[in-house]
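> how would this look folded up:
(2 chains)
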Amino acid sequence: AQSVTQLDSHVSVSEGTPVLLRCNYSSSYSPSLFWYVQHPNKGLQLLLKYTSAATLVKGINGFEAEFKKSETSFHLTKPSAHMSDAAEYFCVVSERGSGTYKYIFGTGTRLKVLA
Amino acid sequence: GAVVSQHPSRVICKSGTSVKIECRSLDFQATTMFWYRQFPKQSLMLMATSNEGSKATYEQGVEKDKFLINHASLTLSTLTVTSAHPEDSSFYICSARPSLGGAADTQYFGPGTRLTVL
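Reported below is the predicted structural model:
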């Protein structure tokens, strides 16, 4: 079975400094991996997605993530944090089962951006 | 593109009543929709997979008679919480997977419905 581990439950950065949100996965085959962002009391917005086309994936709002198979990692980065980036971030792996694809969610990382 | 709406966004009801939540894919057709539940400061928990024209598939531990799911069209799925009790209070989020065009493994999420049972 596949699983996702988000290594940090909380991350705090100063505005304008880099962001790193860590995610490791376990999978028996080439997975599809996603990062979603959730602002308070809102649904989830897709930031980016990896599906084996390219290991470095660029997403919306300046975020990107690099798939490293040897490290089974899919860390999310952004060069310069903005106050509006403060939110909950979920790393997700897609698993096929019972005829459809299901999501396996990480436990989430809450990003705090300090002025 | 790929917009999913939910209605209502917030509902307060009395214990023992039933509440219906609608999930709509606005600009795409979705053969498959998913219903999740999210407790405060926690991750999403998959409750069930809703397939258009057939019965929903419930995850282990989710009461199918308690949480009724209907997926009558390619753009609408409903979740009815029957005989709601305070412990059913939660944030319910739906997602939809495009039938065509999008990748088979990508889900687009609605904004969520906050249910409070008094």
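
> export stretch A:52-69 as CSV, just CAs?
Coordinates of the C-alpha atoms in stretch A:52-69 are reproduced here as CSV (Å, rounded to 0.1, in the frame of the first residue of the first chain):
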residue,chain,number,x,y,z
SER,A,52,6.6,11.1,-14.7
ALA,A,53,6.9,13.6,-17.5
ALA,A,54,9.5,15.7,-15.8
THR,A,55,11.1,15.4,-12.4
LEU,A,56,10.9,19.2,-11.7
VAL,A,57,7.3,20.3,-11.7
LYS,A,58,6.3,24.0,-11.8
GLY,A,59,3.0,24.9,-10.2
ILE,A,60,0.9,28.0,-9.6
ASN,A,61,1.9,31.0,-7.4
GLY,A,62,5.7,30.4,-7.9
PHE,A,63,5.7,26.9,-6.2
GLU,A,64,7.6,24.0,-7.6
ALA,A,65,8.5,20.5,-6.5
GLU,A,66,11.1,18.0,-7.5
PHE,A,67,10.5,14.3,-7.7
LYS,A,68,13.5,12.3,-6.5
LYS,A,69,12.9,8.6,-6.9
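
> identify all contacting residues around that stretch.
The contact list for stretch A:52-69 (Cβ atoms under 8 Å, 6 or more residues apart in numbering or on different chains) reads A:23, A:30, A:33, A:35, A:45-50, A:73-80, A:85. Every C-beta, even on glycine, is put in place using the N, C-alpha and C of the backbone.

> now do the buried residues in the worst-scoring helix or strand of chain A on mean pLDDT.
Using mean pLDDT, DSSP states H and E, the weakest-scoring helix or strand in chain A turns out to be strand A:100-105, at a mean of 84. By neighbour count with 16 or more other Cβ atoms under 10 Å in any protein chain shown, strand A:100-105 contains the buried residues A:100-105.

> list the buried residues for the helix or strand just after that strand?
Once the chain leaves strand A:100-105, the next helix or strand it forms, by DSSP states H and E, is strand A:109-114. By neighbour count on 16+ other Cβ under 10 Å, the buried set for strand A:109-114 is A:109-111, A:113.

> restricting to C-alpha, output strand A:109-114 in CSV.
Taking Å, rounded to 0.1, in the frame of the first residue of the first chain, the C-alpha atoms of strand A:109-114 are listed here in CSV:
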residue,chain,number,x,y,z
THR,A,109,1.9,21.1,7.0
ARG,A,110,0.8,24.4,8.3
LEU,A,111,2.9,27.2,6.8
LYS,A,112,3.1,30.4,8.8
VAL,A,113,4.6,33.5,7.1
LEU,A,114,6.0,36.2,9.4
